[in-house]
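[1] need coordinates for the below:
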Amino acid sequence: MQKHFLAFLAFGCSFVLGAEHAEVKTLEIGAAAPDFSLPAVDGRAYSLRDFGSAKVLVIIFTCNHCPTARAYEDRIKSIVDDYKTKSVAVVAINPNDPQSVRLDELGYTDLSDSFAEMKTRAAYRKFNFPYLYDGETEAASRKYGPVATPHAFVFDESRRLRYVGRIDDSERLEYVHTHELRDAIDALLAGREVAVKQTASFGCSIKWKGKEDSVKRYLEKLAAEPVSVGTVDGQGLKALRQNKTDKVILVNFWATWCGPCVTEFPELITINRMFRHRAFELVTVAANYPDEEKEVLRFLKQQQASNRNLLFGTPEKYRLIEAFDPNWNGAIPYTLLLAPGGEVLYREQGSIDPLEIKRAIVKALKEDRFK
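    A predicted model of the protein is given here:
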C-alpha cells in the first residue's frame, strides 16, 4: 500500500495543463534523458552534450519562489562541491511559468521565477551550478515531468535514469535522516545498483502554463477589495512606532504631491500582496492635510490600496513627525520596517529599494517556518 502511495505521489501524478497541452508524466526509471537546449543565468545555452564527459548527471528542477526549494540551495551547492572532482555534473532547471504564479504564492520569497530574477537569485546566493530557464515553453520540463520543486533526476554514464525523487527526507536540516540523492550518486560512482530508485518529492507544485486565467481572476478579486483611509493623531503614531503587535509592519509616509512617493507606491502594494497572509502588515501614512482626505482616498483607490491607510489627523505636521520618530527630519518618502516591539529592520529616507525590503521581510518572517 505504501509503495503504491509513493508511486502515486512521485510518478503516477499527472497534470492537465489545459486544452492546448498534453498530460505531464514523470520520467520512468531506465528511461533515456530527454535532450534540451535552455538558456542559463551565465549567458550560455546548455544541452545534454555539455555534460557529456560526466559519469553521473544530476538534474534538479527547482525555482526562486518556493520556500522548500530555497531551503535546499545550500545543500545543492554542497553536493556540487563534494562531487566536482568525481565526474559528477549537477544542473538546475526552473520549470515554472512566471505568468502562472500568483502574488500570494510569493509570501516566502523576495523574487518570482522570471529569467531576470533567476539571474539575481543566482548571483546573490552564489550558485556554483548552471541554472537554466524553461519557463518560456516548459518543453523540456514536460518531458522530464517533475511534480514539485525541488525534484531530482539522476542519470548514469549512458544517461539512463537511475534515481528520481527527493534530495533527502526533510527540508529542515535537524530532521534529515536519509540522503537519497547522495546515496544514488555514490552507488553509480561505485558501479553498484541504486538501492532506492524512487521516492516522493515534497515541495511547491510546478507552475505549468495554463494558470494565467487563475492569476487574472485573483488580481480582479484584489482590485474589488474596499479601500479606506482613517486619520491618526500623535498618540496613534507613537503606538504605530512602538509596534506592540506580533506582526512585522512596513510603514510608509507619503503624500499625493510627492513624486517619488507616487512612483514607488505600486511597489508597496505588490509587497503587501505578497506577504499579507503572513505575520505582516503594510501601513501607509499620508502627510497631506486633513482637509485633503478626498484627494488622498482617490489616489489610494487608484492604487487598489486595501491595506491599512492613515492620514495626518491635524495640520500640526511637525508634532506628528516628532511623535512618530524624533530623529526623522520630515522629508518624504520615509519608510521603516518594524519588528514586533519596534526594532527597526529597514529604514529609508527617500525612494525604497523593493528587493532590499523584501529580503528584510523574508528574513524577519523566517522563524515562523524554520525554528
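[2] domain assignment for this structure?
    With domains defined by automatic domain parsing, the chain comprises 2-213, 224-368.
[3] any idea which of those domains scores lowest on pLDDT?
    Among those, domain 2-213 carries the lowest mean pLDDT, a mean of 91.
[4] hmm, residue 229 and residue 301 touching each other?
    No - counting by Cβ atoms under 8 Å, residue 301 sits too far from residue 229 to count as a contact (9.5 Å). In short, each C-beta sits where N, CA and C put it, glycine included.
[5] mind listing what the closest residue to residue 33 other than its chain neighbours touches?
    In space, and not counting its chain neighbours, residue 33 is closest to residue 159: 4.3 Å by Cβ to Cβ, 6 or more residues apart in numbering. Residue 159 makes contact with 32, 33, 48, 57 under the criterion Cβ atoms under 8 Å, 6 or more residues apart in numbering.
[6] give me the neighbour count for the closest residue to the last one other than its chain neighbours.
    Here the nearest residue to residue 57 in space, its sequence neighbours aside, is residue 155; by Cβ to Cβ, 6+ apart that works out to 4.4 Å. Per other Cβ atoms under 10 Å, the neighbour tally for residue 155 reads 25.
[7] residue 155 contacts residue 59, doesn't it?
    Yes - applying Cβ under 8 Å, one finds residue 155 in contact with residue 59, separated by 7.3 Å.
[8] any shared contact partners between these two?
    When contacts are counted by Cβ under 8 Å, 6+ apart, residue 155 and residue 59 have residue 33 as shared neighbours.
[9] check contacts around the residue nearest to residue 57.
    When contacts are counted by Cβ under 8 Å, 6+ apart, residue 155 is found next to 33, 56, 57, 58, 59, 161, 162.
[10] and which of those is nearest to residue 23?
    Set against residue 23, the nearest of these by Cβ to Cβ is residue 161 (18.9 Å).
[11] doesn't that closest one fall inside a helix?
    No - counting by DSSP: H, G, I helix; E, B strand; the rest coil, residue 161 falls outside a helix, being strand.
[12] wait, doesn't it sit right on residue 153?
    Yes - taking Cβ under 8 Å as the definition, residue 161 is a contact partner of residue 153 at 6.1 Å.
[13] quick check: neighbours shared by the two?
    Both residue 161 and residue 153 are in contact with 27, 33, where contact means Cβ under 8 Å, 6+ apart.
[14] residues contacting the helix or strand that contains residue 123, please?
    Per DSSP states H and E, residue 123 falls inside helix 115-125. Residues outside helix 115-125 that contact it (Cβ under 8 Å, 6+ apart): 39, 41, 64, 73, 94, 98, 111, 127, 131, 133, 135-136, 355.
[15] I'd like the next helix or strand past it.
    strand 131-133.
[16] follow-up on the earlier one: output the helix holding residue 123 as PDB - backbone C-alpha positions only.
    The C-alpha trace of helix 115-125 is given here as PDB (Å, rounded to 0.1, in the frame of the first residue of the first chain):
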ATOM      1  CA  PHE A 115      14.600  34.700 -16.100                       C
ATOM      2  CA  ALA A 116      15.800  38.100 -15.000                       C
ATOM      3  CA  GLU A 117      15.000  37.300 -11.300                       C
ATOM      4  CA  MET A 118      16.800  33.900 -11.700                       C
ATOM      5  CA  LYS A 119      20.000  35.800 -12.500                       C
ATOM      6  CA  THR A 120      19.500  38.000  -9.400                       C
ATOM      7  CA  ARG A 121      19.000  34.900  -7.200                       C
ATOM      8  CA  ALA A 122      21.900  33.000  -8.600                       C
ATOM      9  CA  ALA A 123      24.300  36.000  -8.100                       C
ATOM     10  CA  TYR A 124      23.000  36.700  -4.600                       C
ATOM     11  CA  ARG A 125      23.300  33.100  -3.500                       C
END
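[17] in it, what counts as buried?
    Neighbour-count burial for helix 115-125, with 16 or more other Cβ atoms under 10 Å as criterion, is recorded at 115, 117, 118, 119, 121, 122.
[18] and stretch 310-318, by the same measure?
    With burial defined by 16+ other Cβ under 10 Å, the residues of stretch 310-318 counted as buried are 310, 311, 312, 313.
[19] same question for stretch 102-116.
    Going by neighbour count (16+ other Cβ under 10 Å), the buried part of stretch 102-116 is 102-103, 105-115.
[20] would you list those in JSON lines and tack on distance to residue 195 and secondary structure?
    Compiled in JSON lines, the buried residues of stretch 102-116 are given as follows (distance: Cβ to Cβ, whole Å; DSSP: H, G, I helix; E, B strand; the rest coil):
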{"residue": "102", "distance to residue 195": "40", "secondary structure": "coil"}
{"residue": "103", "distance to residue 195": "42", "secondary structure": "helix"}
{"residue": "105", "distance to residue 195": "36", "secondary structure": "helix"}
{"residue": "106", "distance to residue 195": "38", "secondary structure": "helix"}
{"residue": "107", "distance to residue 195": "38", "secondary structure": "coil"}
{"residue": "108", "distance to residue 195": "33", "secondary structure": "coil"}
{"residue": "109", "distance to residue 195": "35", "secondary structure": "coil"}
{"residue": "110", "distance to residue 195": "38", "secondary structure": "coil"}
{"residue": "111", "distance to residue 195": "37", "secondary structure": "coil"}
{"residue": "112", "distance to residue 195": "38", "secondary structure": "coil"}
{"residue": "113", "distance to residue 195": "34", "secondary structure": "coil"}
{"residue": "114", "distance to residue 195": "39", "secondary structure": "coil"}
{"residue": "115", "distance to residue 195": "37", "secondary structure": "helix"}
